[in-house]
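Peer 1: Show me the folded form of this:
(one chain, ligands or ions: 2)
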Amino acid sequence: MNTKKYRVAEGGKLKLSAFKTDETGRGSEAEALARIDERRPKLAALQERLYAEGRQSLLMVLQARDAGGKDGTVKHVLYGLNPQGVTVTSFKVPTPLELSHDFLWRVHAHAPAAGMMAVFNRSHYEDVLVTRVHGLIDQKETVRRYGHIRAFEALLSDGRTRIVKLYLHVSEDEQKQRLQARLDDPHKRWKFNVADLKERERWDDYTHAYQDALAATSSKAAPWYVIPADHKWFRNDLIGQILQDTLEDMDPQFPEADFDPATVEIK
Ligand code: ATP
Ligand code: MG
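Peer 2: Ligands and ions are numbered 1, 2, ... in the order given. Down below sits the predicted model:
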(Lines give C-alpha, C1' and ligand atoms only; values in the text may rest on other atoms or scores of the structure.)
(Ligands and ions follow the chains in the order given, each with its own letter.)
Protein backbone atom coordinates (compact mmCIF):
# COMPACT_ATOMS: atom_id res chain seq x y z
CA MET A 1 0.00 0.00 0.00
CA ASN A 2 1.34 3.41 -0.97
CA THR A 3 1.08 5.71 2.04
CA LYS A 4 2.53 8.81 0.34
CA LYS A 5 -0.77 10.21 -0.86
CA TYR A 6 -1.92 10.60 2.75
CA ARG A 7 1.11 12.65 3.72
CA VAL A 8 0.69 16.40 4.21
CA ALA A 9 3.09 18.39 2.03
CA GLU A 10 5.58 20.66 3.75
CA GLY A 11 4.55 24.32 3.60
CA GLY A 12 1.64 25.47 1.48
CA LYS A 13 -2.04 25.17 2.13
CA LEU A 14 -4.14 22.21 3.16
CA LYS A 15 -7.81 21.57 2.45
CA LEU A 16 -9.19 18.71 4.51
CA SER A 17 -12.15 18.45 2.13
CA ALA A 18 -9.67 17.22 -0.47
CA PHE A 19 -9.07 14.12 1.69
CA LYS A 20 -11.70 11.40 1.81
CA THR A 21 -12.90 10.14 5.19
CA ASP A 22 -14.52 6.95 3.90
CA GLU A 23 -11.79 5.56 1.74
CA THR A 24 -11.57 1.78 1.53
CA GLY A 25 -8.56 1.50 -0.76
CA ARG A 26 -8.83 -1.02 -3.54
CA GLY A 27 -9.34 -4.11 -1.47
CA SER A 28 -12.03 -5.57 0.76
CA GLU A 29 -12.27 -5.52 4.55
CA ALA A 30 -11.34 -9.22 4.66
CA GLU A 31 -8.15 -8.52 2.72
CA ALA A 32 -7.24 -5.65 5.03
CA LEU A 33 -7.79 -7.81 8.12
CA ALA A 34 -5.59 -10.54 6.64
CA ARG A 35 -2.87 -7.97 5.92
CA ILE A 36 -3.11 -6.66 9.49
CA ASP A 37 -2.69 -10.19 10.89
CA GLU A 38 0.25 -10.83 8.62
CA ARG A 39 1.91 -7.57 9.62
CA ARG A 40 1.61 -8.08 13.36
CA PRO A 41 4.63 -10.38 13.84
CA LYS A 42 6.69 -8.14 11.55
CA LEU A 43 5.91 -5.10 13.67
CA ALA A 44 6.72 -7.04 16.83
CA ALA A 45 10.09 -8.13 15.39
CA LEU A 46 10.96 -4.59 14.31
CA GLN A 47 10.00 -3.22 17.72
CA GLU A 48 12.16 -5.83 19.44
CA ARG A 49 15.11 -4.68 17.34
CA LEU A 50 14.39 -1.03 18.20
CA TYR A 51 14.36 -1.91 21.91
CA ALA A 52 17.46 -4.11 21.73
CA GLU A 53 19.42 -1.52 19.75
CA GLY A 54 18.58 1.15 22.32
CA ARG A 55 19.71 4.09 20.17
CA GLN A 56 16.70 5.38 18.27
CA SER A 57 13.11 5.94 19.32
CA LEU A 58 9.75 6.42 17.66
CA LEU A 59 7.02 8.87 18.53
CA MET A 60 3.52 8.46 17.14
CA VAL A 61 1.24 11.46 17.64
CA LEU A 62 -2.49 10.80 17.41
CA GLN A 63 -4.92 13.65 16.91
CA ALA A 64 -8.61 13.46 16.11
CA ARG A 65 -11.96 14.94 16.91
CA ASP A 66 -14.01 13.27 19.63
CA ALA A 67 -14.88 9.68 18.72
CA GLY A 68 -12.34 9.92 15.90
CA GLY A 69 -10.80 6.58 16.89
CA LYS A 70 -7.66 7.41 18.85
CA ASP A 71 -8.38 4.84 21.56
CA GLY A 72 -9.28 2.19 18.99
CA THR A 73 -6.06 2.88 17.11
CA VAL A 74 -3.99 2.41 20.27
CA LYS A 75 -5.81 -0.83 21.04
CA HIS A 76 -5.67 -2.39 17.58
CA VAL A 77 -2.47 -1.09 16.02
CA LEU A 78 -0.25 -1.66 19.07
CA TYR A 79 -1.73 -5.08 19.86
CA GLY A 80 1.01 -7.69 19.76
CA LEU A 81 3.92 -5.38 20.56
CA ASN A 82 5.94 -5.91 23.72
CA PRO A 83 4.32 -3.57 26.30
CA GLN A 84 7.71 -3.08 27.94
CA GLY A 85 8.91 -1.14 24.91
CA VAL A 86 5.86 1.07 24.46
CA THR A 87 4.47 4.00 26.42
CA VAL A 88 1.07 5.55 25.78
CA THR A 89 0.29 8.99 27.18
CA SER A 90 -3.18 10.53 27.02
CA PHE A 91 -3.09 14.29 27.33
CA LYS A 92 -6.13 15.71 29.09
CA VAL A 93 -7.11 19.25 30.08
CA PRO A 94 -3.91 20.65 31.67
CA THR A 95 -3.70 20.70 35.46
CA PRO A 96 -2.88 23.95 37.31
CA LEU A 97 0.74 22.77 37.65
CA GLU A 98 0.98 22.04 33.93
CA LEU A 99 -0.59 25.40 33.12
CA SER A 100 2.00 27.14 35.25
CA HIS A 101 4.68 25.96 32.78
CA ASP A 102 5.13 26.44 29.04
CA PHE A 103 2.88 24.23 26.90
CA LEU A 104 5.65 21.83 25.89
CA TRP A 105 6.82 21.10 29.44
CA ARG A 106 4.38 18.28 30.16
CA VAL A 107 4.83 16.86 26.69
CA HIS A 108 8.63 16.71 26.64
CA ALA A 109 8.61 14.60 29.79
CA HIS A 110 6.82 11.83 27.89
CA ALA A 111 8.95 11.85 24.75
CA PRO A 112 10.34 8.36 24.12
CA ALA A 113 13.65 7.32 25.64
CA ALA A 114 16.18 5.58 23.39
CA GLY A 115 14.85 2.20 22.31
CA MET A 116 11.27 3.08 23.13
CA MET A 117 8.19 3.70 21.14
CA ALA A 118 5.83 6.36 22.51
CA VAL A 119 2.28 7.15 21.54
CA PHE A 120 0.65 10.47 22.31
CA ASN A 121 -3.13 10.18 22.53
CA ARG A 122 -3.73 13.89 21.95
CA SER A 123 -0.60 15.97 22.27
CA HIS A 124 1.02 19.39 22.19
CA TYR A 125 -1.21 20.03 19.17
CA GLU A 126 -4.17 20.55 21.52
CA ASP A 127 -2.41 23.78 22.43
CA VAL A 128 -2.95 25.14 18.91
CA LEU A 129 -6.35 23.48 18.34
CA VAL A 130 -8.77 23.52 21.29
CA THR A 131 -7.11 26.65 22.69
CA ARG A 132 -7.46 28.43 19.37
CA VAL A 133 -11.05 27.34 18.72
CA HIS A 134 -12.01 28.58 22.17
CA GLY A 135 -10.20 31.87 21.73
CA LEU A 136 -7.72 31.21 24.56
CA ILE A 137 -4.92 32.21 22.19
CA ASP A 138 -5.02 34.59 19.23
CA GLN A 139 -3.64 34.15 15.73
CA LYS A 140 -0.30 35.69 16.61
CA GLU A 141 0.24 33.35 19.55
CA THR A 142 -0.90 30.38 17.43
CA VAL A 143 1.76 31.12 14.81
CA ARG A 144 4.37 31.62 17.52
CA ARG A 145 3.45 28.19 18.93
CA TYR A 146 3.80 26.56 15.50
CA GLY A 147 7.38 27.80 15.57
CA HIS A 148 7.96 26.36 19.05
CA ILE A 149 6.45 23.04 17.94
CA ARG A 150 8.66 22.86 14.85
CA ALA A 151 11.74 23.60 16.94
CA PHE A 152 10.71 21.05 19.61
CA GLU A 153 10.18 18.33 17.03
CA ALA A 154 13.50 19.17 15.37
CA LEU A 155 15.14 18.80 18.78
CA LEU A 156 13.63 15.33 19.25
CA SER A 157 14.51 14.37 15.72
CA ASP A 158 18.13 15.46 16.18
CA GLY A 159 18.17 13.13 19.20
CA ARG A 160 17.29 10.16 16.95
CA THR A 161 13.54 10.21 17.57
CA ARG A 162 11.47 9.53 14.48
CA ILE A 163 8.15 11.32 14.59
CA VAL A 164 4.99 10.29 12.77
CA LYS A 165 1.85 12.37 13.21
CA LEU A 166 -1.56 11.03 12.37
CA TYR A 167 -4.77 12.97 12.03
CA LEU A 168 -7.71 10.56 12.09
CA HIS A 169 -10.10 12.06 9.58
CA VAL A 170 -13.79 11.21 10.16
CA SER A 171 -16.87 12.78 8.62
CA GLU A 172 -19.39 14.78 10.57
CA ASP A 173 -21.93 12.05 9.98
CA GLU A 174 -19.62 9.28 11.17
CA GLN A 175 -18.94 11.22 14.37
CA LYS A 176 -22.67 11.59 14.90
CA GLN A 177 -23.19 7.85 14.57
CA ARG A 178 -20.36 7.06 16.97
CA LEU A 179 -21.58 9.54 19.57
CA GLN A 180 -25.10 8.15 19.20
CA ALA A 181 -23.74 4.62 19.73
CA ARG A 182 -22.04 5.80 22.93
CA LEU A 183 -25.38 7.12 24.09
CA ASP A 184 -27.39 4.05 23.13
CA ASP A 185 -25.07 1.19 24.07
CA PRO A 186 -24.75 0.69 27.85
CA HIS A 187 -21.25 -0.75 27.31
CA LYS A 188 -20.13 2.37 25.47
CA ARG A 189 -21.98 4.91 27.59
CA TRP A 190 -19.01 5.45 29.91
CA LYS A 191 -17.33 7.14 26.97
CA PHE A 192 -20.18 9.54 26.35
CA ASN A 193 -19.35 13.08 27.32
CA VAL A 194 -21.93 15.82 26.90
CA ALA A 195 -19.10 18.31 26.40
CA ASP A 196 -18.28 16.56 23.11
CA LEU A 197 -21.56 17.91 21.72
CA LYS A 198 -20.39 21.47 22.33
CA GLU A 199 -17.16 20.78 20.46
CA ARG A 200 -19.17 19.18 17.65
CA GLU A 201 -21.04 22.48 17.20
CA ARG A 202 -17.70 24.04 16.31
CA TRP A 203 -16.99 21.51 13.57
CA ASP A 204 -15.92 24.11 10.99
CA ASP A 205 -13.73 26.01 13.44
CA TYR A 206 -11.88 22.78 14.21
CA THR A 207 -11.56 22.05 10.49
CA HIS A 208 -9.85 25.41 10.00
CA ALA A 209 -7.64 24.98 13.05
CA TYR A 210 -6.55 21.50 11.92
CA GLN A 211 -5.88 22.61 8.34
CA ASP A 212 -3.74 25.45 9.54
CA ALA A 213 -1.83 23.45 12.14
CA LEU A 214 -1.14 20.46 9.91
CA ALA A 215 0.10 22.62 7.02
CA ALA A 216 2.31 24.70 9.32
CA THR A 217 3.94 21.76 11.10
CA SER A 218 4.30 18.95 8.58
CA SER A 219 7.98 18.48 7.86
CA LYS A 220 10.32 15.84 6.52
CA ALA A 221 11.45 14.99 10.03
CA ALA A 222 7.93 14.99 11.46
CA PRO A 223 5.33 14.48 8.74
CA TRP A 224 1.57 14.63 9.21
CA TYR A 225 -0.66 12.02 7.62
CA VAL A 226 -4.40 12.47 7.08
CA ILE A 227 -5.85 9.03 7.77
CA PRO A 228 -9.27 8.24 6.30
CA ALA A 229 -10.90 6.94 9.48
CA ASP A 230 -14.60 6.30 8.85
CA HIS A 231 -13.74 2.63 8.28
CA LYS A 232 -11.79 1.36 11.27
CA TRP A 233 -10.27 -1.56 9.35
CA PHE A 234 -8.90 0.76 6.68
CA ARG A 235 -7.54 3.10 9.35
CA ASN A 236 -5.82 0.23 11.18
CA ASP A 237 -4.34 -1.21 8.00
CA LEU A 238 -3.00 2.13 6.81
CA ILE A 239 -1.50 3.11 10.17
CA GLY A 240 0.05 -0.34 10.52
CA GLN A 241 1.65 0.12 7.11
CA ILE A 242 2.99 3.58 8.02
CA LEU A 243 4.41 2.13 11.23
CA GLN A 244 6.04 -0.76 9.40
CA ASP A 245 7.51 1.49 6.69
CA THR A 246 8.87 3.87 9.31
CA LEU A 247 10.47 1.13 11.42
CA GLU A 248 11.95 -0.53 8.34
CA ASP A 249 13.41 2.77 7.28
CA MET A 250 14.90 3.27 10.76
CA ASP A 251 16.34 -0.24 10.39
CA PRO A 252 17.30 -0.87 14.01
CA GLN A 253 19.97 -3.53 14.53
CA PHE A 254 20.66 -5.96 17.34
CA PRO A 255 23.79 -4.62 19.03
CA GLU A 256 27.13 -6.37 18.71
CA ALA A 257 28.42 -7.88 21.94
CA ASP A 258 31.25 -5.83 23.47
CA PHE A 259 33.03 -9.04 24.45
CA ASP A 260 33.97 -12.25 22.69
CA PRO A 261 31.26 -14.83 23.49
CA ALA A 262 33.71 -17.62 22.69
CA THR A 263 35.80 -16.62 25.72
CA VAL A 264 32.90 -16.99 28.14
CA GLU A 265 32.16 -20.30 29.76
CA ILE A 266 29.01 -20.78 31.79
CA LYS A 267 29.69 -23.35 34.47
P1 ATP B 1 -12.52 10.43 23.43
O2 ATP B 1 -12.09 10.73 22.03
O3 ATP B 1 -12.80 8.99 23.65
O4 ATP B 1 -13.64 11.33 23.87
P5 ATP B 1 -10.61 12.10 24.72
O6 ATP B 1 -9.21 12.10 24.23
O7 ATP B 1 -11.50 13.16 24.19
O8 ATP B 1 -11.26 10.70 24.37
P9 ATP B 1 -11.36 13.08 27.25
O10 ATP B 1 -10.93 12.81 28.62
O11 ATP B 1 -12.80 12.95 26.88
O12 ATP B 1 -10.52 12.16 26.29
O13 ATP B 1 -10.95 14.54 26.83
C14 ATP B 1 -9.70 15.13 26.99
C15 ATP B 1 -9.96 16.59 26.79
O16 ATP B 1 -8.79 17.32 27.14
C17 ATP B 1 -10.29 16.98 25.34
O18 ATP B 1 -11.47 17.70 25.31
C19 ATP B 1 -9.10 17.84 24.93
O20 ATP B 1 -9.46 18.84 24.02
C21 ATP B 1 -8.66 18.38 26.26
N22 ATP B 1 -7.27 18.84 26.22
C23 ATP B 1 -6.16 18.10 25.98
N24 ATP B 1 -5.06 18.87 25.97
C25 ATP B 1 -5.47 20.14 26.19
C26 ATP B 1 -4.81 21.38 26.27
N27 ATP B 1 -3.49 21.47 26.12
N28 ATP B 1 -5.54 22.49 26.49
C29 ATP B 1 -6.88 22.39 26.64
N30 ATP B 1 -7.57 21.25 26.58
C31 ATP B 1 -6.88 20.12 26.35
MG1 MG C 1 -13.61 13.21 24.71
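
Peer 1: Please tell me how far residue 223 sits from ligand 1.
Peer 2: 22 Å (C-beta to the nearest ligand atom, to the nearest Å). Placement of C-beta: from N, CA and C, glycine included.

Peer 1: Could you measure from the closest residue to that residue other than its chain neighbours over to residue 76?
Peer 2: Among residues not flanking residue 223 along the chain, residue 7 sits closest, at 5.3 Å (C-beta to C-beta, 6 or more residues apart in numbering). Per C-beta to C-beta, to the nearest Å, residue 7 is found 22 Å from residue 76.

Peer 1: swap in residue 105?
Peer 2: Distance, residue 105 to residue 76, using C-beta to C-beta: 31 Å.

Peer 1: Neighbour count for those two, which is higher?
Peer 2: residue 76 (18 against 14; other C-beta atoms under 10 Å).

Peer 1: residues contacting residue 60?
Peer 2: With contact set as C-beta atoms under 8 Å, 6 or more residues apart in numbering, residue 60 has these partners: 117, 118, 119, 120, 164, 165, 166, 243.

Peer 1: 6 Å - rerun?
Peer 2: 119, 164 (C-beta atoms under 6 Å, 6 or more residues apart in numbering).

Peer 1: Would you confirm that it belongs to a helix?
Peer 2: No. Residue 60 is assigned strand when assessed by DSSP: H, G, I helix; E, B strand; the rest coil, not a helix.

Peer 1: Specify the beta-bridge partners of it.
Peer 2: With DSSP bridges as the criterion, residue 60 is bridged to residue 119, residue 164.

Peer 1: Tell me the confidence at it?
Peer 2: As predicted, residue 60 sits at a pLDDT of 98.

Peer 1: For ligand 2, see how far away it is.
Peer 2: 19 Å (C-beta to the ion, to the nearest Å).
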